[in-house]
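Novice: Just a sequence and a predicted model for now, questions to come.
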Amino acid sequence: MLSDHLNLNRSTATMPLPPMSEPKAPTLSREVGNVLVIVGLPNAPKASLEKLKAFAVKNVFAKKKVPSGTLELSTNDAGGSTGTGFMRFSTREQLVDAARKIKDLPFDKTHRLNSFPLAEYDDIMATSDECELPNIRDAGIAALVEGGWLLREDANDQFFVMQEGRVNVKVNRKNGADQVASDPRWDTKCDWSPLGTYLAQLHPRGVVLWGGDKFEQVGRVPHAHARLIRFSPCEKYLVTYSDQAGGESQIWDLATLKNLRKFPTREREQVIRFSFDDKYFSFVQNNQLVVFETATMQPLRNLPKEVQEARWSPSQNAIAYWSAEKAGRPARVAVLDIPSKKDLAVKGFFQVQSVSLEWQASGAHLCAIVDRRSKNNKSLSTQLELFQMNKANVPVVRLESKFLISSVSFAPKGDFMIIQHTQKHVPHQFPLDRIKAQEVSQQEFRQWRRMQQTTHYSLLKIESEKVSTVYTQIGALSTATWSPNGNHYVLVFEMGRPDCRLVFCNAKSQRLQESGNHEAANMIAFDPSGRYVVTALLDGQNQDSGYHIWSAHGQLLDRQSVKHMDDFQWRPRPASLLTSEDEQKIRKTIKKYHPQFHAQDLMLRQRASEEEIRKRQEHLARWEAIGSAWKRTFADEERLKAMRPDIVDEKLDVEEEVVELFVRGEEEEVNL
């Protein structure tokens, strides 16, 4: 038996064995399920991990209504958390909803949470740390870049004209305006976005956004019966308003075109305003100042009450507001820092009827126009409170006037401002007892004040501790418009009337440069460069409407008659990429570029002359072709007549008929 066993083993040992395959490594499943990575959590020791998880789920995620899921924390060698967590959900829809809500979400005063799906981890890690800027001149990319029209060599400003319900986009040139784009679908109200990226069109179903060099449709915002739109300063958000019964104010994210928040439109004055960097927006509701953070769409707490009006600073996250006097408490004008909610400056007043707030475009100055009643309630007067925001402790300069001040116009840059004075007394429709009893609304009073005729106006210069008067003139000034550069301004007299007169001035030299006339003009605006100014007669029912384009010095450059013209808007420009030092350097060295600019102007004039000569030659050739055709026709007819004398020319067969009409008869008696 043993031998048999040995022989068997021997025979088996000599048998060839099958080839052995390489061992396979176990395959790891890359299916991560519906797992969300949460970053930004605070670091906690091992003993506090459960408390941290409970606080995150019950106090943070529950308030934001994040879908429920299983939260696990990433730990280090010591067992403490590393600031990262993983949350698993049952469905993909829950994952997407949680990722949207955990976006820049406040955890506490020092921590903010963000998230991304774990499935995107490899793509995120594969992203290069070095930023490679695309070639913005490539086709298809330049159409989406902000300010793409400014990449052209001439970089001329554009504008649109609405004529007979149709919008035409044109480019402004020295030799006249050329049409850039027109679309038959642009048949309703349109507006430019603040940086000129979009042309927004209102229609019954919402808003359509057009953009790019070819003005293609880039987005839609569905809001039925929207009557007004407002962009945020950085064009990150869009607000649509509906004033119908049950209407809403809706805020949209322009990057995704998603609706972020809805508010019922309870009052016509409830206007949503954004901060200069789009981080906050505010409105006044039931005399309560309401401020929201745009990243989270959550309101800030403990804000002032009894607020009548609020305006954001154009250069910092500070909001100016005023509150009416009540129960012996004075009216207040204050500047509130956001988000610290600290008062940067405060002024109090008694006997206040109304306050208007005006910011300078640069944010350096804030003017509070305070209309006050006299102690005997027999007259009204105005005082200006000028807050100098660019100085330490925000000093306030007061300027008092015995007259009402209808408006204040700041130079966008610099230290000049123009104020317009109106009559001293109050008309019968607003008796002082009604005003004192608060029976006249703020809106009604302001509308009346704007309608009062200006009796005189003043140019003021803001100095360190006072406001000095440069000059005061008597005249019915309608409006004053400043150049964006802050030096040139235009005074308009008798606006909207047949004898409308324009005066072009220089604030620094205090000289009148030129004057002109535009009959019945009711609109004036500088272009974004400050080199040109347009005056227009906007009247969709008037065939004499049109626009004039002037230089900033008052030279009339172009005159266009546009029948039934409804609107004219310059296309805004993005902010300059140059620093103030670069601009100062260019101003100092600009003279050496004058010969180059002069040569370019000569080329443009020559090109315009050649174009005009070409058009005239085409018209002459067309006229000569028509004349030659008629000459050939006449020659053929003459030859036919010579060959057939019996043919009667029907054109010469004319019948004459004499008609006698009694026009007027007079009888006069003559004495012989």
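Specialist: That came through fine.
Novice: Show me what the longest helix that the chain contains is packed up against.
Specialist: When the chain is parsed with DSSP state H, its longest helix is helix 594-643. Contacts defined by 3 or more Cβ pairs under 8 Å, 6 or more residues apart in numbering; DSSP states H and E place helix 594-643 against no helix or strand at all. Glycine gets a C-beta too; all of them are placed from N, C-alpha and C.
Novice: what comes up buried for stretch 96-105?
Specialist: Across stretch 96-105, burial judged by 16 or more other Cβ atoms under 10 Å covers 98-99, 101-102, 105.
Novice: likewise stretch 85-98?
Specialist: Buried residues in stretch 85-98, counted by 16+ other Cβ under 10 Å: 85-89, 94-95, 98.
Novice: Can you flag which of the residues you listed belong to helices?
Specialist: Those of these mapping onto helices are 94-95, 98, per DSSP H.
Novice: which intervals of this structure have sub-threshold pLDDT?
Specialist: 1-32, 127-148, 245-246, 266-270, 423-454, 540, 608, 645-656, 659, 661-672 (pLDDT under 70).
Novice: mind redoing it with 50?
Specialist: Scanning the chain for pLDDT under 50 picks out the ranges 1-18, 20-30, 133-147, 268, 425-432, 434-437, 652, 672.
Novice: For it, which segments count as helices?
Specialist: Going by DSSP H, the chain shows helices at 2-14, 49-55, 92-101, 121-125, 432-436, 442-451, 580-589, 594-643.
Novice: Centre-most residue in the protein?
Specialist: Against the mean C-alpha coordinate of the chain, by Cα atoms, centre = their mean, the closest residue is Pro194 at 2.4 Å.
Novice: Quick check, it in contact with Phe231.
Specialist: Yes: taking Cβ atoms under 8 Å as the definition, Pro194 is a contact partner of Phe231 at 5.3 Å.
Novice: coming back round to it: list the residues that contact the residue nearest to the centre of the chain.
Specialist: For Pro194, the contact set (Cβ atoms under 8 Å, 6 or more residues apart in numbering) comprises 231-235, 572.
Novice: neighbours around Leu289, how many?
Specialist: Around Leu289 there are 21 other residues, counting by other Cβ atoms under 10 Å.
Novice: Sorry, wrong one. I was asking about Leu577.
Specialist: Neighbours around Leu577, by other Cβ under 10 Å: 7.
Novice: repeat for the one 3 residues further on
Specialist: A total of 8 residues lie near Ser580 under the criterion other Cβ under 10 Å.
Novice: same question, Lys391
Specialist: Using other Cβ under 10 Å, Lys391 has 11 other residues around it.
Novice: distance of it from Lys103?
Specialist: 38 Å (Cβ to Cβ, to the nearest Å).
Novice: Apart from its chain neighbours, what residue comes closest to Arg230?
Specialist: In space, and not counting its chain neighbours, Arg230 is closest to Val239: 4.5 Å by Cβ to Cβ, 6 or more residues apart in numbering.
Novice: Would you enumerate the residues in contact with the one you found?
Specialist: 229-232, 249-252, 272.
Novice: That one bridge partners, please.
Specialist: Judged by DSSP bridges, the bridge partners of Val239 are Arg230, Ile251.
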